[in-house]
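Visitor: Here you go, sequence then predicted model.
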Amino acid sequence: MTANEIRDSYKKFFESKGHTIVPSAPMVIKDDPTLMFTNAGMNQWKDIILGTCAPEPRRRADSQKCLRVSGKHNDLEEVGHDTYHHTMFEMLGNWSFGDYFKEGAIDYAWEYLVDVLHLDPKNLYATVFEGSAEEGLGRDDEAASIWAKYLPADHIINGNKHDNFWEMGESGPCGPCSEIHLDSRTPEEQAQVPGRELVNKDNPQVIEIWNIVFMQFNRKADGSLEQLPMQVIDTGMGFERLVRALQGKHSNYDTDVFQPIIAKIGELSGYEYGKDEKVDVAMRVVADHLRAISFSIADGQLPSNAKAGYVIRRILRRAVRYAYTFLGQRDAFMYLLVPTLAHEMGEAYPELVAQQQLITRVMKEEEESFLRTLSTGISMLEGVIAETKAAGKTVVDGGKAFTLFDTYGFPLDLTELICGEQGLTVDEDVFNAEMQKQKERARNAAAVETDDWVVVNEGETAFKGWDYTEYTCHILRYRRVQQKKQTYYELVLDTTPFYAEMGGQVGDRGVLCNEEETVEIFDTKRENNLPIHLTKKLPANPAAEFMACVDVDARRASEANHTATHLLDQALREVLGTHVEQKGSLVTPEGLRFDFSHFQKVSPEELREVARIVNRRIREDIPLQDHRDIPIEEAKKLGAIALFGEKYGDKVRVVQFGDSVEFCGGCHASSTGRIGFIRILSESSVAAGVRRIEAITGQAAEESLYTQEDILIGLRAIFNNAKDLTAAIHKTIEENDGLKKQVEGFMKEQIGRTRDKLIAAAKNIGDVKLVKTVLPMDVAPDAVKDLAFQLSGSLPEKMFCVIGSRHEGKPLLTVMISKDLLQEQGLHAGNLVREAAKLIKGGGGGAPHFATAGGKDVSGLDAAVDKVVELAGL
């Protein structure tokens, strides 16, 4: 079976068992502050598991694209060195929400593996939770007894809490789990050591392929456990590992999941896989990381220096440095692998094909940028190596190696490789100590302490914000949160008009009030699809009834800006072409930002046309058509375009203004006329193939026009209220250019006269011509430099020149030495001015023959000139 056939067989099997087959959620998570990437199949069901969303349908299955770069066995730096761990991987999963539990899950797993895929039962092992005295939990005898229907006792193995008790986080749903392990060793190897002795021992041929989690507890903030109201089955099977087992391979990288990519790497690099371990590791790293980067970009996450974008950049740069070091790639080449990936996985994940051009362009630009960084890092490392050798040492300071890594992204292994070629080693202990300090700083900065929820009332939140800005409410629950020495409270309300941050629109702010008190809500966030209201003060009586009041001015401004982004999106597609696709947005009361796919700069004429179209539709006062809870197929018939990287349910909301039709859950103006006016402030590049427009609307746009009007009035006054201001400015610039040329001519004449006077006044100190002066007039630094080089041209031999000058109240020291003196007397202009500059409270330096130093104290200029002469021994 091919990899694609295996994936299909899994879905068809569980579909036959009454499961709804759902599409993979995006790998990049956009509206969950606790996660950047989908790292398990259950992530998209967190709101169901936590009880904030209805569980229907109760049986589901899918193939989920996941990304892991930290945690158990998932250190990024280890990927590629073994045969079965990856950054991006597919997780085959089936779920039951309050339907079947342990027996059903185990029965389905056995039937699929043995009856459908025909794996040999004698090679399968199951682990069960052995219990924990500290948790007050006994062995999972129920799961063990179910496994006993299929496996002999010596194939059912007790597992500890670390391996066989799954937890979502420090608090939240959790429960025992049962892992299925496959022994793919040869019969001879199996005869020597039983497979049960190698389970969870990091043996590359005895690996976990499926984990069945029995979610039955909730972990409270104090560490105690309570029963979940709804039992959940959450299973995850590593797709790449399953393919490996069924295709009879000993490495995931030997399967048809990776081999086409590895073959293409070999074709492009000229290296053959399987001949050299270092080359093999590099090929595996590139093949693995190519998938992670491509899927992330397809889901809308571009490489950057922050959060999820930084993770993607780090993965890409690791692949580039392996290709640079071990595959001899000095130019960008990973982007050339994208067509192969799209061909192999595009049928299962059509976003790869649809976004192929964007993925290719972004990847190429990132590769080229990092290759330039590598070149800079190598130059800096050569300086460190020279310093180390000059000091008579053989060990490079680990702190300097860490600076190269931290500041310039220059990896330790490449530093060690280059140092090794020079007979040096790197102090890894110091490097690791610096790395640990950085991790501690990051951990402390991100540390959050969250109390348990205090339940005031039972119920679920109803959002009223599309229709109301005020609504009566009660607090359902609250909890205290402490972060960075700040304490605030999170409130969940039964009904709320507050919009929680999502889809680029920031959360509402406002107040909760009643006759007794007023509590400020400074922000509204979304967590597990639940609106969370943030306040610095807990209400005195949380059980009281409140009026939830949104800051109306801020909301109306956000609504105008959000509606403007929809009109902007439509206008861009009309002016630039239908290839334009939204790649991100930010909507605040102050303005809007809109990122979109386009492969060249938008011209001023095109921008003006876009603005004209949007403003025309604003004047038309097109009313909002709000299509709520309609089937997604009906939404597509209306013309709504689904964006890659977004997750849609069976029922969706569509916002329509005339021909502008978009999926959207945000708040909008009741008609386009409410926007008032749009003004585009800027257009710029975000990444290869992605442009950004920033704009303002309404009152902000109006105020910006007044500001420009004031500037124009001020300019006209300067130019005597000239009727044609542009012509007056051009005339002044031309006159100024002419005067500048005259001044430059006068200065050249003055410098020439000064040069002749200085040559005539030069003193003979032995056989050296000493030119020493402090210029009496204000002279620009460039003119002083010109004077020094003219003196050097007139006195090419045995000349030592030191000039003190001032410009705009600042002193300048200039030294010029003829080349023959450098050789005979070992003088260095840079060293001389650096020392003498202390007398003018400054510093500087330069080359051996020419150097300058600036300062703050003009009164020390004469002494500084004398000091240079003294230091030169003249």
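Guide: Looks like it arrived, so ask away. Numbers count the residues shown, from 1 in each chain.
Visitor: Contact partners for residue 357?
Guide: When the contact criterion is CB atoms under 8 Å, 6 or more residues apart in numbering, the partners of residue 357 are 599, 689. The C-beta positions use only the backbone N, C-alpha and C, and glycine is treated the same way.
Visitor: Quick check: next helix or strand after the host helix or strand of it?
Guide: Counting by DSSP states H and E, the element that carries residue 357 is helix 356-390. Next along the chain after helix 356-390, taking DSSP H and E as the criterion, comes strand 395-396.
Visitor: helices and strands around the helix or strand hosting residue 444, which ones?
Guide: Per DSSP H and E, residue 444 falls inside helix 428-446. In this structure, helix 428-446 makes packing contacts with helix 398-408, judged by 3 or more CB pairs under 8 Å, 6 or more residues apart in numbering; DSSP states H and E.
Visitor: so the helix it packs on versus helix 356-390, what angle?
Guide: Taking axes from the mean of the first three to the mean of the last three CA atoms, to 10 degrees, one finds that helix 398-408 is oriented at 150 degrees with respect to helix 356-390.
Visitor: just the angle between the very next helix or strand once past helix 398-408 and helix 398-408, please?
Guide: Using DSSP H and E, the helix or strand that directly follows helix 398-408 along the chain is helix 412-421. Taking the same axes, to 10 degrees, one finds helix 412-421 and helix 398-408 inclined to each other by 130 degrees.
Visitor: thinking again about what came up before, in the helix holding residue 444, which residues are buried?
Guide: Taking 16 or more other CB atoms under 10 Å as the basis for neighbour counts, the residues of helix 428-446 that come out buried are 430, 431, 434, 435.
Visitor: For the chain, which helix extends over the most residues?
Guide: In the chain, assigned by DSSP state H, the helix with the most residues is helix 725-761.
Visitor: Let me see the contact set for the spatially most central residue of the chain.
Guide: With distances taken as CA atoms, centre = their mean, residue 309 lies nearest the centre of the chain, 1.3 Å away. Contacts here follow CB under 8 Å, 6+ apart; on that basis residue 309 touches 301, 302, 303.
Visitor: Residue 682 now?
Guide: Contact criterion CB under 8 Å, 6+ apart gives 692, 693, 694 as the residues in contact with residue 682.
Visitor: One more: residue 676?
Guide: Taking CB under 8 Å, 6+ apart as the definition of contact, the neighbours of residue 676 are 560, 618, 697, 698, 699, 701, 702.
Visitor: What's the separation between the fourth one and residue 568?
Guide: Think residue 698. Residue 698 is 14 Å from residue 568, where distance means CB to CB, to the nearest Å.
Visitor: Please work out how many residues are found near residue 858.
Guide: Using other CB atoms under 10 Å, the number of residues around residue 858 comes to 17.
Visitor: Spit out the contact partners of it.
Guide: Contacts of residue 858 were listed using CB under 8 Å, 6+ apart, and they are 806, 809, 810, 811, 840.
Visitor: Of the residues you listed, just say which sits nearest to residue 265.
Guide: Using CB to CB, residue 810 is the member of the contacts of residue 858 that lies nearest residue 265, at 57.4 Å.
Visitor: Number of residues surrounding the residue nearest to the closest one when sequence neighbours are not counted?
Guide: Counting by CB to CB, 6 or more residues apart in numbering, residue 810 lies nearest to residue 854, which is 6.2 Å off, once chain neighbours are set aside. When neighbours are counted by other CB under 10 Å, residue 854 registers 17.
Visitor: Let me see the ranges of the strands in the stretch 551-700 of the chain.
Guide: 582-587, 592-597, 625-631, 651-657, 660-663, 678-687, 690-697 (DSSP state E, counting those that start in this stretch).
Visitor: can you give me the angle the second one makes with helix 356-390?
Guide: Going by the same axes, to 10 degrees, strand 592-597 is angled at 100 degrees with respect to helix 356-390.
Visitor: so what strands line up beside strand 592-597?
Guide: Strand 592-597 pairs in its sheet with strand 582-587 (antiparallel), strand 690-697 (antiparallel), by DSSP bridges.
Visitor: before we move on, what about the fourth one?
Guide: Each strand pairing with strand 651-657, determined using DSSP bridges, is listed with its direction: strand 625-631 (antiparallel), strand 660-663 (antiparallel).
Visitor: Could I have the CA atoms of it written out in CSV?
Guide: Listed next in CSV are the C-alpha coordinates belonging to strand 651-657 (Å, rounded to 0.1, in the frame of the first residue of the first chain):
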residue,chain,number,x,y,z
LYS,A,651,-22.5,26.3,9.9
VAL,A,652,-20.9,29.7,9.2
ARG,A,653,-21.6,33.4,9.2
VAL,A,654,-21.2,35.4,6.0
VAL,A,655,-20.9,39.2,5.9
GLN,A,656,-22.1,40.8,2.7
PHE,A,657,-21.9,44.4,1.4
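Visitor: Report the buried residues of that strand.
Guide: Under 16+ other CB under 10 Å, the buried positions of strand 651-657 are 652, 653, 654, 655, 656, 657.
Visitor: What's the mean pLDDT across stretch 297-310?
Guide: For stretch 297-310, the mean pLDDT works out to 87.
Visitor: Tell me which residues of that stretch come out buried.
Guide: So for stretch 297-310, counting by 16+ other CB under 10 Å, buried means 297, 298, 299, 300, 301, 302, 303, 308, 309.
Visitor: Among those, which ones are in helices?
Guide: Those of those mapping onto helices are 297, 298, 308, 309, per DSSP H.
Visitor: Between those, which sits nearest residue 480?
Guide: Distances from residue 480 to those, taken as CB to CB, are shortest for residue 308 (28.0 Å).
Visitor: before we move on, what SS does residue 492 have?
Guide: When classified by DSSP: H, G, I helix; E, B strand; the rest coil, residue 492 comes out as strand.
Visitor: er, residue 770 I mean
Guide: Under three-state DSSP, the three-state class of residue 770 is strand.
Visitor: Correct me if wrong: residue 609 contacts residue 575.
Guide: Yes - using CB atoms under 8 Å, residue 609 is in contact with residue 575, at 5.2 Å.
Visitor: Name the helix or strand for residue 125, please.
Guide: Mapping residue 125 onto the secondary structure by DSSP H and E places it in strand 124-129.
Visitor: Distance of residue 186 relative to residue 123?
Guide: To residue 123, residue 186 is 11 Å away according to CB to CB.
Visitor: between these two, who's got more neighbours?
Guide: When residue 186 and residue 123 are compared for neighbours, residue 123 comes out ahead with 16 against 10, by other CB under 10 Å.
Visitor: ok, what's across the strand from the nearest residue to the more buried one once chain neighbours are set aside?
Guide: The shortest distance from residue 123 to any residue that is not its chain neighbour, by CB to CB, 6+ apart, is 4.7 Å, and that residue is residue 183. Assessed by DSSP bridges, residue 183 has beta-bridge partners residue 206.
Visitor: Touching, residue 183 and residue 209? I think so.
Guide: No - Residue 183 is beyond contact range of residue 209, at 10.7 Å (criterion: CB under 8 Å).
Visitor: that older thread, among the contacts of residue 858, which are located in helices?
Guide: Reading helices off the contacts of residue 858, I find no matches (DSSP H).
Visitor: Between all of these, which two are separated the most?
Guide: The farthest-apart pair in the contacts of residue 858, when distances are taken by CB to CB, is 809 and 840, at 12.1 Å.
Visitor: Which one of these two is surrounded by more residues?
Guide: Taking other CB under 10 Å, residue 809 and residue 840 do not tie; residue 840 has more neighbours (27 against 8).
Visitor: Look up the pLDDT of that one for me, please.
Guide: 95.
Visitor: Apart from its neighbours in sequence, what residue is nearest it?
Guide: Here the residue nearest residue 840, using CB to CB, 6+ apart, is residue 855, at 3.1 Å.
Visitor: Compute the number of surrounding residues for the one you found.
Guide: The criterion is other CB under 10 Å. On that basis, residue 855 has 22 neighbouring residues.
Visitor: Name all residues that make contact with residue 494.
Guide: Taking CB under 8 Å, 6+ apart as the criterion, residue 494 is in contact with 457, 459, 460, 461, 462, 473, 474, 475, 476.
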